[in-house]
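1. need the 3D shape of this:
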Amino acid sequence: MRELGPTPVDADAQTVFDILAVCREIEVLFEDIKDLLGADHYQLMRAAAIVRFWTPVFCLAYLLDEHRAHLEEQRGEEHLSLGDARRDLQSEHQRNLLVWPEKQFRSGATADQLYARLSA
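-> So this is what the prediction gives:
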């Protein structure tokens, strides 16, 4: 059996089982979020590294959860996933990445002017 976390040496079987169950829930949550974000290659061993990495990740998960709830309400659908929310946001941002320069060019901006704005 893979060790999921430290357990007290003098703990009874139920306590050890409870500790391992909580550790497993945390590990599954981390794996799900790493899969969602494509961050499978990160191996975090120290507490400081976990805090540095997971704090913004969980902020992002909160953002995706809020967007997911908004999409469910907007579309009248139930049970959209965080992955659905991520794909929707990515699609919106990719479209905006193309729409903004198009609007600039249609309003008469030149490539040099856009370059100057983007490199400022």
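
2. quick one: contacts of the host helix or strand of Ser91?
-> In this assignment (DSSP states H and E), Ser91 forms part of helix 82-106. Helix 82-106 is contacted from outside by Leu36, Leu37, Ala61, Leu64, Asp65, His67, Arg68, Leu71, Gln113, Leu114, using CB atoms under 8 Å, 6 or more residues apart in numbering. C-betas here are computed from N, CA, C, even on glycine.

3. ok, the second one touching Leu63?
-> No - contact between Leu37 and Leu63 fails when scored by CB atoms under 8 Å: they sit 11.9 Å apart.

4. phi, psi of Ala11?
-> phi -80, psi 150 (degrees, to the nearest 10).

5. number of nearby residues for it?
-> 12 (other CB atoms under 10 Å).

6. isn't it up against Ile19?
-> Yes - with contact defined as CB under 8 Å, Ala11 reaches Ile19; the gap is 7.4 Å.

7. now the helices for the protein?
-> Using DSSP state H, the helices of the chain run over 13-37, 47-75, 82-106, 111-119.

8. any chance of those helices in TSV with mean pLDDT and mean neighbour count as columns?
-> Output for the helices of the chain, formatted as TSV (pLDDT from 0 to 100; neighbours: other CB atoms under 10 Å):
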stretch	mean pLDDT	mean neighbour count
helix 13-37	80	13
helix 47-75	87	13
helix 82-106	95	12
helix 111-119	94	10
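
9. if I look at Val57, how far off is Ala111?
-> Val57 sits 37 Å away from Ala111, going by CB to CB, to the nearest Å.

10. now do Val28
-> In terms of CB to CB, Val28 sits 49 Å off from Ala111.

11. could you do Gln14 as well?
-> 69 Å.

12. what's Asp12 sitting at in phi/psi?
-> With angles defined as degrees, to the nearest 10, Asp12 sits at phi -80, psi 170.

13. that one: neighbour count?
-> 9.

14. tell me how far it lies from Asp18.
-> 10 Å.

15. okay, and the common contacts of the two?
-> When contacts are counted by CB under 8 Å, 6+ apart, Asp12 and Asp18 have no shared neighbour.
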